[in-house]
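**Student:** Provide a 3D model corresponding to the input given below.
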Amino acid sequence: MARNTAKISTAQGAGEPRQTADATIAADAQALSEQLKAMRERLFPPTASKTLRAFSSGEAAKLIGVSDGYLRQLSLAGEGPQPETGAGGRRFYSLADINALRHHLADQALAKGNIAKARSYLPRRNAAGGEHMQVISVTNFKGGSGKTTSAVHLAQYLALSGHRVLAIDLDPQASLSALFGYQPELDLTGNDTLYGAIRYDADVRPLSDIIRGTYFPGLDIVPGNIELQEFEHETPQALARRQSGQDSGPLFFARIQETLKTVADDYDVVVIDCPPQLGYLTLSALCASTSVVVTVHPQMLDVASMNQFLFMTSDLLSVVREAGGTLNFDFLRYLVTRFEPNDGPQTQIVGFMRSLFGDRVLTAPMLKSTAVSDAGLTKQTLYEVGRENFTRATYDRALEAMNAVNQEVEVLIHAAWGW
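**Tutor:** I've put the predicted structure just below:
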């Protein structure tokens, strides 16, 4: 039998040396990186960084929860920031403008003693009143379940609704980071991910130093890259040191929880995009979570995979509990993703799940939509692209479905705070 020499054939002519596999892969990675960088510079000139579009007065009014006419009255009265005026006198607001109007209206409501009204404008938790920061892990260990798409749209929706949000990319593949305009191999150096705050050695950094602002006011990010995988490699060594009495720091399952406590005063909600595997990173995220959303694509193989995921998660978390981990979720929900309502087998599988899990399956599914996939071609989300980029029916249908999913989660968050 021929011995494997870890070499692959390339386009060289006869007699030319073959390129080693690692060299070929490295060359491909470099070529792809350069093309992605060029694409980013074309899409987001002149600084190659993303910006958020302005919102029409109608969109702004809907986000705030008032009528367009009332927003016009505020503008005419000189209350709050003044909008930009476009062709035909159309008014446009930045998200920063919208948040300033939220503060203005919430202050007015509080002056009248109407706390509920103030919260409808500015849904900030009351930490002094015992309303804990919500940490939501979006997870599944099968790729293609819509995990990152769900996580990024949830984080952006909550920011658009007025919450203070921190998005954490815990996946070494860094897809969520890419959607926020990062190219990990170019924009991040060592210790720039959550790994820097949970590592076991003296190079550990405060999480506040790692967090980065985004072009979404009210939404910060902890980006990810391949260095997150180091936590999977180092944790067994740390456990061995602990058994021999050489390590007394927090166990792996408590490390994310402990570092999030250091920034709890700054955020209402943390959304964690977990890696598609059930390793130490995912377990640590679950132990830090107050709530969990499991994404499920309604195909039988995906449901069977989820079954194994649930068995494995239950077994591992029971071991964590016995070791002292605290596991108390405010809610656990299954989110049906990439759903096609006219697909009979998918509809049957969703019905099957609802009969098994009841209200733990979110009522609204995330529909499969060309609007979402087309937006992704330019590293954008449905909340970033304008309606003018699609046919009206396609955009409105996708946005309505996305909002329905995220509104359900928002209601669950507020219920956990006792609202």
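
**Student:** Spell out which residues make up each domain of the chain.
**Tutor:** Domain assignment of the chain by automatic domain parsing yields the ranges 55-121, 127-416.

**Student:** Determine which of those approaches residue 42 most closely.
**Tutor:** Residue 42 lies closest to domain 127-416 among these, at 9.7 Å (CB to CB). (Each C-beta comes from the backbone N, C-alpha and C, glycine too.)

**Student:** what about residue 390, neighbour count?
**Tutor:** 20 (other CB atoms under 10 Å).

**Student:** so it makes contact with residue 371?
**Tutor:** Yes - with contact defined as CB atoms under 8 Å, residue 390 and residue 371 form a contacting pair (5.2 Å).

**Student:** and the closest residue to residue 280 other than its chain neighbours, what element?
**Tutor:** Among residues not flanking residue 280 along the chain, residue 235 sits closest, at 4.4 Å (CB to CB, 6 or more residues apart in numbering). Here residue 235 sits within helix 229-243, counting by DSSP states H and E.

**Student:** ok, and what's touching that helix?
**Tutor:** For helix 229-243, the surrounding residues in contact (CB atoms under 8 Å, 6 or more residues apart in numbering) are 172, 195, 198-200, 247-249, 251-252, 279-281, 284.

**Student:** Pop out the phi and psi values for the residue nearest to residue 86 when sequence neighbours are not counted.
**Tutor:** What sits nearest to residue 86 in space, not counting adjacent residues and going by CB to CB, 6+ apart, is residue 92, at 5.8 Å. With angles defined as degrees, to the nearest 10, residue 92 sits at phi -130, psi 140.

**Student:** repeat for residue 166
**Tutor:** phi -120, psi 120.

**Student:** Looking at the following helix or strand past the helix holding residue 235 now, give me its mean pLDDT.
**Tutor:** Where DSSP H and E defines the elements, the next helix or strand beyond helix 229-243 is helix 252-261. Averaging pLDDT along helix 252-261 yields 94.

**Student:** same deal with stretch 238-245?
**Tutor:** pLDDT averaged over stretch 238-245 gives 86.

**Student:** and the longest helix seen in the chain, what does it pack onto?
**Tutor:** Criterion DSSP state H: the longest helix present in the chain is helix 392-416. For helix 392-416, the elements it packs on are strand 134-139, helix 147-160, strand 291-296, strand 331-336, helix 370-376, judged by 3 or more CB pairs under 8 Å, 6 or more residues apart in numbering; DSSP states H and E.

**Student:** again, only using 7 Å
**Tutor:** helix 147-160, strand 331-336, helix 370-376 (3 or more CB pairs under 7 Å, 6 or more residues apart in numbering; DSSP states H and E).

**Student:** Out of these, which is the most enclosed?
**Tutor:** Per residue and on average, the most neighbours among those fall to helix 147-160, with a mean of 26 (mean count of other CB atoms under 10 Å).

**Student:** angle of that helix against helix 392-416?
**Tutor:** Put simply, helix 147-160 runs at 70 degrees to helix 392-416, going by axes from the mean of the first three to the mean of the last three CA atoms, to 10 degrees.

**Student:** CA atoms only for helix 147-160, dumped as CSV, please.
**Tutor:** C-alpha atoms of helix 147-160 as CSV (Å, rounded to 0.1, in the frame of the first residue of the first chain):
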residue,chain,number,x,y,z
LYS,A,147,-27.4,29.9,14.4
THR,A,148,-25.3,33.0,13.4
THR,A,149,-28.1,34.5,11.4
SER,A,150,-30.4,34.2,14.3
ALA,A,151,-27.9,35.6,16.8
VAL,A,152,-26.9,38.6,14.7
HIS,A,153,-30.5,39.6,13.9
LEU,A,154,-31.6,39.2,17.6
ALA,A,155,-28.7,41.4,18.8
GLN,A,156,-29.5,44.1,16.2
TYR,A,157,-33.2,43.9,16.8
LEU,A,158,-32.7,44.4,20.6
ALA,A,159,-30.3,47.4,19.9
LEU,A,160,-32.9,48.9,17.5
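
**Student:** From the rest of the structure, what touches it?
**Tutor:** Here helix 147-160 makes contact (CB atoms under 7 Å, 6 or more residues apart in numbering) with 63, 138-140, 165, 167, 175-176, 179, 216, 218-219, 269, 271, 273, 276, 293, 295, 335, 337, 366, 372, 381-383, 402, 406, 409-410.

**Student:** Check stretch 292-304 too.
**Tutor:** 136-140, 142, 144-147, 150, 286, 306, 329, 332-339, 346, 349-350, 409.

**Student:** what does stretch 55-63 give?
**Tutor:** Contacts for stretch 55-63 (CB under 7 Å, 6+ apart): 67-68, 71, 83, 90-93, 98, 160.

**Student:** Is it possible to mark the buried ones in those residues?
**Tutor:** 71, 83, 91-93, 98, 160 (16 or more other CB atoms under 10 Å).

**Student:** Among those, which lie within strands?
**Tutor:** 91-93 (DSSP state E).

**Student:** Any stretches of the stretch 101-250 of the chain with poor pLDDT?
**Tutor:** The stretch 101-250 of the chain contains no residues with pLDDT under 70.

**Student:** one step back: now list the buried members of the contacts of helix 147-160.
**Tutor:** Buried among the contacts of helix 147-160 (16+ other CB under 10 Å): 63, 138-140, 165, 167, 175-176, 179, 216, 218-219, 269, 271, 273, 276, 293, 295, 335, 337, 366, 372, 381-383, 402, 406, 409-410.

**Student:** Perfect, I'm done here.
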